[in-house]
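Visitor: Please work out how this folds:
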Amino acid sequence: MQGPDLKSASGELLTIESQFRGPPQSGNGGYVSGAVADLLISNLALDPDQVVEVTLRAPIPLDKPMTTLLDEAGGLKVLDGETLIAEAKSTELLMEVPAAPDYDAAEQARMGSASFQTGLNTLIANGTGFHPICFCCGADVAANEGLHVYAAPVDGYEGVAAAWQPPEVFADAQGYLSTAVVWAALDCPGQFAYLASGTRTGMLGRMTARILRREKMIDFEIPEETKAIRAKVRGFVQEECIPAEEKCTADNFETVLAELRGKARAQGLWCPFIPEEFGGMGLRPLANALVQMELGESFLGALALNTQGPDDATMLTLLEHGTDFQKEKFLKPLLDGQKRICYSMTEKAAGADATGMQTTAVLDGDNWVLNGEKWFSSSASVADIAVVMAKTDPDAPRHEQYSTFIVELPNPGYEIVRNIETMQPHTDLGLKLGGSHSEIKIENLVVPRDNLLGGRGQGFNMGQHRLAYGRLRHGMHNVAIAQRALDLAAGHVVERSTFGKRLADRQGVRWMLADCAAEIYKARLMLLHIAYKAERGEDLRQENGIAKVFLAHMVHQVVDTALQLHGALGYSQDTPLARWYTGIRSQRLVDGPDEVHRWRTGANVIKAYEKYGTTASSCGGELL
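Guide: Alright, predicted model coming up:
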């Protein structure tokens, strides 16, 4: 083992910020242990069976620089003045990772832990175990170095075992814990640090840190399980949905859709974004993004798997915010594909400013009474249920004035005035698909009190969260349409010859195809990066806004190029290009027009510069 570089570590300052304290009233011992271990290991070359053992000797001062001292033997001390806070040394691995209990035993151990209440807000259960973060000491912040903390019961050990390991040791590429590794926290010594200091500011005890890989890298490898799901969905779209388009009419639509849904469910393809316990596939963001990019190639794809908009985002809203009564009465038939739902938020006068809506809701006994108008309510003409946003508290803060209500349709108080004619003409089949946008008159609409969704004053926040998913879904489907358009263009230029030469062999045509390929490539990378951030639970609003605008323009450019390469054939109804061309123009308007997203994106650019002296964080700077 190489000796330490004394000059690079001695005298360095180490500051633990209060933001890394973790959940309320919990310690930050995991984070400081990781920081100390990281500092020491950067000056050592460990053998595979060696670790850095960190011992915390006193409560950890927050927001205060501490000095570090590296001794001749390769040990590291962290000092607050003359007070020894922590010390670290390289050693053999002291504790083997214990055998995991089953899920029920792990949950039971967690319930009995003294840290249960304070760590509850970070406890996330899934079908294979607990979410891989530290439950009680905020140590997950050290994931910035590609590491996670895992707390587990250890037979015969009185303290806490927190083994710092690369996530892949315990989890698959999607972040799910192995079924053989289900963790449960012990009574964390950090919870009792107040005995020494009167405040919960640190952990007293020992932790073992092991870092196997220092270098982080961007991994573009798609997990094998996800590849298999994508391949199955692609096969279903190409072999079932696209051929069904040719025979699907307004008269037989219900029959065609029922056949497709039967085949999809037989293959386990249903509600990709919904957790398995509710009957869905339980796909995480990356897998769902890849699946949606396949489904969007056919206008029957999303419908066949019951993941069409606006139903999908609204189902998620009900799943996350609905009461047990609402889930049973409204969500269950939606998940089963028996009913459709629409979302009535937009108003003609307010437009993109949702806080400008004028529809009101007044509480009258056990009912709410709604009055107002809605504009461009997508799929209202085929909906059995409407979710309506209205102003309930005009004197509350701006974003807390609105609430959301579930309305059973048909209802005399909810009248479809007309299906608005757009630049994409109505067809009988299009109306069956749900492609219309309706103008709604709401007059003395009585809604039972139990149908208030998500709590009074929460309508705006829920709506914005819902729109975020919708923007992503639009983007994924835009990539799918662009891909199919480019495939059609490539197929056409390979077969088409003019003046004795294939179009595919002409330089200008190849340049047009190259430009399309570049746009689709950029679009895929944007969506995959957003999916990556979603997997990690990170804030993706800036990237989502950028992608929303870019993807709407991208799909227009690619479809327009494909149409041009087809000539008059592309302008005809003999290919889907003309239909796509008029339909995709709405992408620059729905879920927020370009101008709103560009305004917000630009504001974040300025904010980043004023805060950091660079705009990098507002335009994907963390990637490099």
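Visitor: the strands in the stretch 301-450 of the chain, which residues?
Guide: Remark: strands of the stretch 301-450 of the chain, listed N- to C-terminal, are 341-344, 360-364, 367-378, 385-391, 402-408, 414-419, 437-448; assignment by DSSP state E, counting those that start in this stretch.
Visitor: who does the first one pair up with?
Guide: Strands that pair with strand 341-344, judged by DSSP bridges, come out as strand 385-391 (parallel).
Visitor: What of the third one?
Guide: Neighbouring strands of strand 367-378 in its sheet, by DSSP bridges, are strand 360-364 (antiparallel), strand 437-448 (antiparallel).
Visitor: Let's have those strands in JSON lines, adding mean pLDDT.
Guide: Shown next, in JSON lines, are the strands paired with strand 367-378 (pLDDT from 0 to 100):
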{"stretch": "strand 360-364", "mean pLDDT": "97"}
{"stretch": "strand 437-448", "mean pLDDT": "97"}
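Visitor: Looking at those strands, which one is packed in the most?
Guide: Sort these by mean neighbour count, taking mean count of other Cβ atoms under 10 Å, and strand 437-448 sits at the top with a mean of 18. Every residue, glycine included, has its C-beta placed from N, CA and C.
Visitor: what's next to that one, contact-wise?
Guide: For strand 437-448, the surrounding residues in contact (Cβ atoms under 8 Å, 6 or more residues apart in numbering) are 342, 344, 348, 359, 361, 366-378, 380-381, 388, 405-407, 411, 413-420, 422.
Visitor: just the angle between it and strand 414-419, please?
Guide: Calculated by axes from the mean of the first three to the mean of the last three Cα atoms, to 10 degrees, strand 437-448 forms an angle of 180 degrees with strand 414-419.
Visitor: Send me strand 437-448 as CSV with only the CA atoms.
Guide: Provided in CSV are the C-alpha atoms of strand 437-448 (Å, rounded to 0.1, in the frame of the first residue of the first chain):
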residue,chain,number,x,y,z
HIS,A,437,-60.5,19.5,-27.4
SER,A,438,-63.7,20.8,-25.9
GLU,A,439,-65.2,24.0,-24.7
ILE,A,440,-67.0,23.4,-21.4
LYS,A,441,-69.8,25.4,-19.7
ILE,A,442,-69.9,24.7,-15.9
GLU,A,443,-73.2,25.9,-14.3
ASN,A,444,-74.2,25.1,-10.8
LEU,A,445,-72.2,21.9,-11.0
VAL,A,446,-72.8,20.0,-7.7
VAL,A,447,-69.9,18.0,-6.5
PRO,A,448,-70.0,15.9,-3.3
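Visitor: ok, then the element right after it?
Guide: As assigned by DSSP states H and E, the chain's next helix or strand after strand 437-448 is strand 452-453.
Visitor: What is the burial count for H553?
Guide: Applying other Cβ atoms under 10 Å, we find 16 residues neighbouring H553.
Visitor: looking at this, it is in a helix?
Guide: Yes: assessed with DSSP: H, G, I helix; E, B strand; the rest coil, H553 lies in a helix.
Visitor: Which pLDDT value belongs to G309?
Guide: On pLDDT, G309 comes in at 86.
Visitor: all helices of the stretch 251-400 of the chain, in order?
Guide: Ranges of helices in the stretch 251-400 of the chain, per DSSP state H, counting those that start in this stretch, are 253-266, 285-295, 301-304, 311-321, 324-326, 332-335.
Visitor: make that the stretch 401-550 of the chain, sorry
Guide: Here the stretch 401-550 of the chain has its helices, by DSSP H, counting those that start in this stretch, at 428-433, 459-495, 507-535, 541-566.
Visitor: Can you check what angle separates the third one from helix 285-295?
Guide: Between the axis of helix 507-535 and that of helix 285-295 there is an angle of 140 degrees, by the same axes, to 10 degrees.
Visitor: what is the mean pLDDT for helix 507-535?
Guide: Taken as a whole, helix 507-535 carries a mean pLDDT of 94.
Visitor: Turn the helices of the stretch 401-550 of the chain into a markdown table, including distance to N252.
Guide: As requested, the helices of the stretch 401-550 of the chain are exported to a markdown table (distance: least, Cβ to Cβ, whole Å):
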| stretch | distance to N252 |
| --- | --- |
| helix 428-433 | 10 |
| helix 459-495 | 23 |
| helix 507-535 | 33 |
| helix 541-566 | 28 |
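Visitor: follow-up on the earlier one: right, so of the strands paired with strand 367-378, which gets closest to R234?
Guide: Ranking the strands paired with strand 367-378 by distance to R234, with Cβ to Cβ as the measure, places strand 437-448 first at 30.1 Å.
Visitor: picking up where we left off before, quick one, which of the contacts of strand 437-448 are buried?
Guide: Neighbour-count burial (16 or more other Cβ atoms under 10 Å) applied to the contacts of strand 437-448 gives 342, 344, 359, 361, 368-378, 380-381, 388, 405-407, 413-414, 416, 419.
Visitor: rewinding a little: out of the helices of the stretch 401-550 of the chain, nearest to D311?
Guide: With Cβ to Cβ as the measure, helix 459-495 is the member of those nearest D311 (10.7 Å).
Visitor: Counting neighbours, show which residues of that closest one come out buried.
Guide: Using 16+ other Cβ under 10 Å as the test for burial, helix 459-495 gives 459-463, 466-486, 488-490, 492-493.
Visitor: Give me the below-cutoff pLDDT ranges for the chain.
Guide: Within the chain, the segments meeting pLDDT under 70 span 1-11, 16-60, 91-219, 467-470, 623-624.
Visitor: and it, what are its domains?
Guide: What the TED database lists as the domains of the chain is 12-90, 103-176+188-196, 224-307, 338-456, 466-592.
Visitor: Next, M345: phi, psi?
Guide: Dihedral pair for M345: phi -120, psi -50, per degrees, to the nearest 10.
Visitor: Look up how far F460 lies from it.
Guide: Using Cβ to Cβ, to the nearest Å, we find M345 at a distance of 9 Å from F460.
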